[in-house]
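> what shape does this take:
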Amino acid sequence: MEFLHSKKLTKNEAAGKSTQEFVDIAEIKDNVVVLKNGTLRAVLAVSSINFDLKSSGEQEAIVAAYQGFLNSLDFPLQILISSRRLDIDPYLKILDGKEKVQPNELLRFQISEYRGFIKNLVSAANIMTKSFYIVVPFALTEGKKGDFLERIKAAINPKQALFEKKSEFEGFKDQLWQRVDHISAGLGGTGIRMVPLKTEELIELYYNAYNPTVIEKTEIVDTEKLELSAL
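As a prediction, the model looks like this:
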């Protein structure tokens, strides 16, 4: 199955290629990622558990539940761990606001000292946050390109062809979400919580994946205003 990044190319292969040719994604819509080869992806944000803090009985139950989940799978999964530098700017802004409205001079000084300590600590230690995801694939059984008759049909009756294409997509998406439900039920016994990413969250995740050197957080606009088919 495809990962977040395209395969590595030599300098000669990369020469003359546009940026979009290095991206495996065709479009993102209806909370689903559609790759260029026609396959679908759903992404689940997954919580973590501190296994070492569990009792021996709880650890055995978690291992048994996870083993049962793995044995129940009849399709591949991708487990993704995303590491990003901890962004404490929102927290520092809160402290700055509290410092300004604090009438007690001593408390105001302590807040200022604490804010400076936190800022220096994060800068010096380079603290990272980790996010965990499960990427659920669904590969289409049909070929991704239509034959000659299908192209003629689309040219003669484009509205009917578009309707059939949308209906086909909805059917494939339903099968994809059946897999998502299976994963949620299978991992529920381990104490792990998960939630499917929506369209806007998927755009942000993949943007950050393809732009790892971008430090500042990118503000994502309303997805209704985006032309997703251009990705």
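> export whichever strand in the chain runs longest as PDB, just CAs?
For the chain, the longest strand by residue count, based on DSSP state E, is strand 128-138. Provided in PDB are the C-alpha atoms of strand 128-138 (Å, rounded to 0.1, in the frame of the first residue of the first chain):
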ATOM      1  CA  MET A 128       8.300  16.900  20.500                       C
ATOM      2  CA  THR A 129       4.700  15.800  20.500                       C
ATOM      3  CA  LYS A 130       3.700  12.500  18.900                       C
ATOM      4  CA  SER A 131       0.400  11.800  17.200                       C
ATOM      5  CA  PHE A 132      -0.700   8.300  16.200                       C
ATOM      6  CA  TYR A 133      -2.800   7.400  13.200                       C
ATOM      7  CA  ILE A 134      -4.100   4.300  11.500                       C
ATOM      8  CA  VAL A 135      -4.400   4.500   7.700                       C
ATOM      9  CA  VAL A 136      -7.200   2.200   6.400                       C
ATOM     10  CA  PRO A 137      -6.900   1.300   2.700                       C
ATOM     11  CA  PHE A 138      -9.500   0.100   0.200                       C
END
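> which residues belonging to it are considered buried?
Buried residues in strand 128-138, defined by neighbour count with 16 or more other CB atoms under 10 Å: 133-138. Quick note: C-beta positions are derived from backbone N, CA and C, even for glycine.
> out of those residues, which is nearest to residue 37?
residue 137 (10.8 Å; CB to CB).
> and that closest one, bridged to which residues?
residue 41 (DSSP bridges).
> next up, the contacts around residue 84.
Each residue near residue 84 by CB atoms under 8 Å, 6 or more residues apart in numbering is listed here: 128-129, 131, 208.
> save the residues you listed as JSON lines, and put in distance to residue 35 and pLDDT too.
Shown next, in JSON lines, are the contacts of residue 84 (distance: CB to CB, whole Å; pLDDT from 0 to 100):
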{"residue": "128", "distance to residue 35": "29", "pLDDT": "76"}
{"residue": "129", "distance to residue 35": "27", "pLDDT": "79"}
{"residue": "131", "distance to residue 35": "21", "pLDDT": "87"}
{"residue": "208", "distance to residue 35": "18", "pLDDT": "80"}
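> quick one on the thing from earlier: which other helices and strands contact the longest strand of the chain?
Applying 3 or more CB pairs under 8 Å, 6 or more residues apart in numbering; DSSP states H and E, one finds that strand 128-138 makes contact with strand 40-46, strand 78-85, helix 158-187.
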